[in-house]
Structure formats: C-alpha cells, structure tokens
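S.K.: test case, fold it:
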Amino acid sequence: MILLDITTFMGRLHPMVVHLPIGFLLLAVVFELLSYAPKFRYLKTAVSITLLFGFIAATAACLLGYLLSLSGDYEYGQLNRHKLTGIAVALLSGLLFLFTTKKLSSRLVVPEKILSVVFVGLLFLMTYTGHQGGNLTHGSDYLSMNVLQGGERKKPAIVEEAMLFEDVVQPMLIQRCGQCHAAGKLKGQLSVQSLTALLKGGKSRAAVVGGNLQESELYQRVTMDHSNEKFMPADGKTPFTKQEVAIIKWWIEKGNATAGVKMASLKNSEEIKSNVAGWLGLGDAIAADENNERAINLNIPKNVDQNQLDSLRSKGMRVRILSHNPVMLDLTLPAGTRQQLSTMKSHLKAVAKNVVWLNLSHNNCTDASLDFLPSMTNLEKLRLEKNPLTDAIIPPLTGLQHLEALNLNETNITAAGLEKLKSMTALKRVYSWKDVEK
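M.R.: Numbers count the residues shown, from 1 in each chain. Below is the predicted model of the structure:
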C-alpha cells in the first residue's frame with residue numbers, strides 16, 4: 001500500500017516535470033539555428049549542455065509518465081502514441097547530445113546542416129508528443145478542426161426554450177467532471193460527453209438511470225459526504241453547488257434522464273424552472289429546489305476580502321473557495337494548531353458570512369474559544385469532533401439556520417444537549433458517539 005501511494009504520488013509529478021524538457025530542447029533548437037548567424041555563432045557552444053539537460057529532463061518525464069499511466073485512466077491508443085513519441089524525444093535528444101560532444105564528433109563527422117535538420121525534426125516530434133499529451137488530459141477534440149469550425153451553443157433567451165440536457169445538464173457535467181471523464185482520460189471508464197455515455201456508465205454501473213436516483217451512480221457520488229473517498233468530483237476539485245445538484249436530481253428523477261426536450265415540454269418543470277433560470281443567468285431568478293427551498297443561500301456575499309483570506313492562510317488555516325458567485329468558503333484548521341485560533345478570530349468574523357463549511361476538529365477548542373460561531377450565519381457543515389466541548393456550545397449552534405451537518409464525536413456534550421438540536425429544522429445529520437450520556 002505504501003509503494004502504491006508513492007507510485008501514484010510520483011506519477012502525478014509528470015505534468016509538472018514534462019515542461020522542463022520542452023523548455024531545454026526548444027532552447028537547444030533555437031541556439032542551433034541562431035548560431036548560423038555570425039553574430040550569434042557563440043551560441044553553438046551552449047547547444048551541447050542544453051541538450052544534455054533536455055535529455056535528462058525528458059528521461060525523468062518518461063519515467064514519471066509511465067508511473068502515471070499505471071492508474072489505468074487513459075485510452076490505450078492515445079496513451080501508447082504519447083508514450084512512444086515521448087521515449088523517441090528522449091532518445092533523439094540523447095543521440096543529438098552525443099553528436100555534439102567533441103569525442104564523438106571527432107570520430108564520426110556528420111555535416112552541420114544534417115544535424116540542424118535533425119534538430120528541426122526533434123522540434124516537430126516534441127510538438128506532436130505534446131499534442132498527444134494534451135489529448136490525454138483534455139480530450140481528443142480539445143484542439144481539433146471541429147473545435148475551430150464549431151461555435152458555442154446559443155444561449156436560450158427564455159428558460160422555456162432551454163433544452164434541459166443540452167443547455168444545462170451536459171455543460172454542467174463537462175465543466176465539473178470533463179477533465180477526468182472525457183475522451184483520452186476515462187477515470188472509471190466513464191465519459192460525461194454524451195447522454196449515451198452516461199447511460200452506458202463506467203466500471204461500476206450506469207451513471208444515470210431515468211426515474212431512479214438510487215441506481216444512478218452519478219447522483220449518488222455527487223451527494224456523498226465530501227470526506228468519502230468515492231465523492232465526486234475528487235482531488236479537491238470544485239463540487240457541484242446545491243443548485244446544480246437540484247437540477248441533476250430533477251432531470252434524473254422527474255425528467256427521466258432524457259435529451260432533446262425543451263423545458264416547456266417537460267411535465268412539472270415549474271418545480272425546477274427557477275433553478276435552471278438561475279444557472280443560465282436568465283433574469284433575477286431565485287434558485288429553488290423541488291421542495292421550494294432555496295438551493296442557493298442568497299444571504300451569502302458575492303465577494304470577500306482577499307486580504308482576510310491571506311491572513312488566515314498565513315496563520316495556518318486551510319482556505320478553499322467552493323464557489324465564486326456567491327463566494328463560498330471551506331475552512332479547515334489542521335489538527336494540533338489550536339494555539340493559532342485565538343489570533344484568527346478577527347479574520348474569521350470578517351469572512352463569517354462566506355463560510356459554509358468549517359472544520360475545527362481535534363484542536364482543544366473550548367466553548368468560550370468558539371464565540372465567533374454565531375456570526376457564521378450561513379454555515380452548512382461544521383466539524384467539532386475531538387474537542388472538550390460541553391452543552392454550553394449548543395445555544396450558539398441553534399441559531400445557525402442553514403446548518404445541515406454537525407459532527408460532535410468524542411466531545412462532552414450530553415444526550416440532553418443533543419435533544420436541544422431538534423429545534424434546528426435545517427439540521428439533517430448529527431454525528432455523536434463516546435462520552436455521551438445514555
């Protein structure tokens with residue numbers, strides 16, 4: 001397991017390291033061609049060492065790329081082309097380096113112009129290799145004639161004219177999931193590029209099943225607790241907003257996961273109309289879910305003081321922006337940094353209304369030290385586990401009208417204290433075990 005983790009980590013360094021050989025080898029080609037001009041002849045002496053650095057970097061990129069390919073998330077044909085051409089770039093740069101050294105060039109004389117032609121060939125090979133890598137990362141149609149000739153889908157003027165899948169659901173899925181689930185990179189063998197692909201699904205099962213949320217893997221993954229390893233999107237990418245989840249839910253459950261249908265033709269579409277209008281930016285629609293509850297909390301500010309965020313980060317707080325409109329924050333205080341909390345209170349209060357997720361677990365927080373919590377009126381998820389908290393913390397929490405999930409594991413809060421949480425209508429999940437009175 002440790003070896004697997006190291007392998008995965010090293011493989012993920014490939015996208016960073018791969019830019020090094022590109023820079024070195026491009027520089028070597030430029031030096032080689034410029035050296036034909038008399039005033040730049042001196043650059044010829046730098047070609048050999050630049051090629052050596054390029055060869056070393058290309059070899060490292062190949063090794064890391066191989067480790068990355070072991071994840072099995074890439075289409076075989078494109079992966080193989082990228083791998084072979086990448087190896088070819090490393091070998092050719094190594095051979096060119098040898099031919100520029102005095103020891104070999106004195107024994108095996110190759111005309112200068114022939115070597116220059118090989119340099120130009122190296123440049124084209126490197127460009128092709130980079131293009132194949134781009135296809136793996138962004139999809140085979142990311143840089144193509146279809147993209148050049150095609151135009152953006154025209155935005156509907158009114159919500160009734162919008163095609164629920166083509167104008168809303170599909171762009172939403174591509175925006176959130178397309179980087180990992182598209183042609184060339186199919187994590188879990190799933191593509192989100194078409195309805196056919198969604199119905200086919202991936203390794204586990206169909207991504208969507210019309211009328212059945214329980215069997216729709218897509219819906220199950222995007223609504224999991226964010227700490228679950230199966231939650232999507234993974235790797236800290238921006239999750240779906242409440243508004244987007246509400247649209248996906250309605251489309252699967254009541255829209256029967258179909259395509260080619262306008263909002264005006266869908267039965268009971270009034271339930272989701274304002275959410276769709278809000279997502280498309282049509283008018284001043286108030287986003288609402290199917291129970292007429294707001295999917296977007298309109299009290300969350302649309303901006304935040306960046307200086308306050310920088311100050312929080314400098315003091316040890318992990319800050320993640322979940323949404324930019326409005327600005328929704330996820331704050332985590334790493335376990336064991338409790339001594340810093342007192343220095344952060346003024347900054348926390350300054351961004352309080354933007355905070356929707358807060359994790360203060362295992363930081364020896366006391367009831368008194370959390371006196372800033374009532375100012376976080378838009379808080380939705382709160383983790384306070386492994387802190388010496390008592391029932392005194394309950395009254396400040398009951399004022400958080402948007403709080404949906406609360407973790408109180410391994411605290412000193414009693415059953416009587418937990419009973420008071422029942423008055424919180426928005427609260428859906430409470431986690432509490434150990435040291436709780438029976």
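S.K.: only C-alpha atoms from now on, for both contacts and neighbour counts.
M.R.: OK.
S.K.: show me the shaky parts of the stretch 251-400 of the chain.
M.R.: By pLDDT under 70, the weakly predicted segments of the stretch 251-400 of the chain are 282-296, 338-339.
S.K.: can you do 50?
M.R.: Of all residues in the stretch 251-400 of the chain, those with pLDDT under 50 make up the ranges 284-295.
S.K.: all helices of it, in order?
M.R.: For the stretch 251-400 of the chain, the helices defined by DSSP state H, counting those that start in this stretch occupy 270-280, 306-314, 341-350, 394-398.
S.K.: looking at those, which is closest to Leu13?
M.R.: Taking Cα to Cα as the criterion, Leu13 comes closest to helix 306-314 out of the helices of the stretch 251-400 of the chain, the separation being 24.4 Å.
S.K.: the closest one versus helix 341-350: what angle between them?
M.R.: Computed by axes from the mean of the first three to the mean of the last three Cα atoms, to 10 degrees, the angle separating helix 306-314 from helix 341-350 equals 160 degrees.
S.K.: and helix 306-314, C-alpha only, in PDB?
M.R.: Listed next in PDB are the C-alpha coordinates belonging to helix 306-314 (Å, rounded to 0.1, in the frame of the first residue of the first chain):
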ATOM      1  CA  GLN A 306      -8.900  38.700  -0.100                       C
ATOM      2  CA  ASN A 307      -6.600  40.200   2.500                       C
ATOM      3  CA  GLN A 308      -8.500  38.400   5.200                       C
ATOM      4  CA  LEU A 309      -8.100  35.100   3.400                       C
ATOM      5  CA  ASP A 310      -4.400  35.700   3.000                       C
ATOM      6  CA  SER A 311      -4.100  36.400   6.700                       C
ATOM      7  CA  LEU A 312      -6.000  33.200   7.600                       C
ATOM      8  CA  ARG A 313      -3.700  31.200   5.400                       C
ATOM      9  CA  SER A 314      -0.600  32.800   6.800                       C
END
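S.K.: re the thing from before, Pro38: which of the helices of the stretch 251-400 of the chain is closest?
M.R.: Sorting the helices of the stretch 251-400 of the chain by Cα to Cα, the top spot, which is the nearest, belongs to helix 306-314 at 51.7 Å.
S.K.: thinking again about what came up before, so which of the helices of the stretch 251-400 of the chain is the most packed in?
M.R.: Per-residue neighbour counts averaged over each of these give the maximum for helix 270-280, namely a mean of 21 (mean count of other Cα atoms under 10 Å).
S.K.: what helices or strands is that one leaning on?
M.R.: In terms of contact count using 3 or more Cα pairs under 8 Å, 6 or more residues apart in numbering; DSSP states H and E, helix 270-280 is assigned the packing partners helix 242-253.
S.K.: run the chain-centre distance for the helix it packs on.
M.R.: Helix 242-253 has its average C-alpha position 20 Å from the chain's average C-alpha position, going by Cα atoms, centre = their mean, to the nearest Å.
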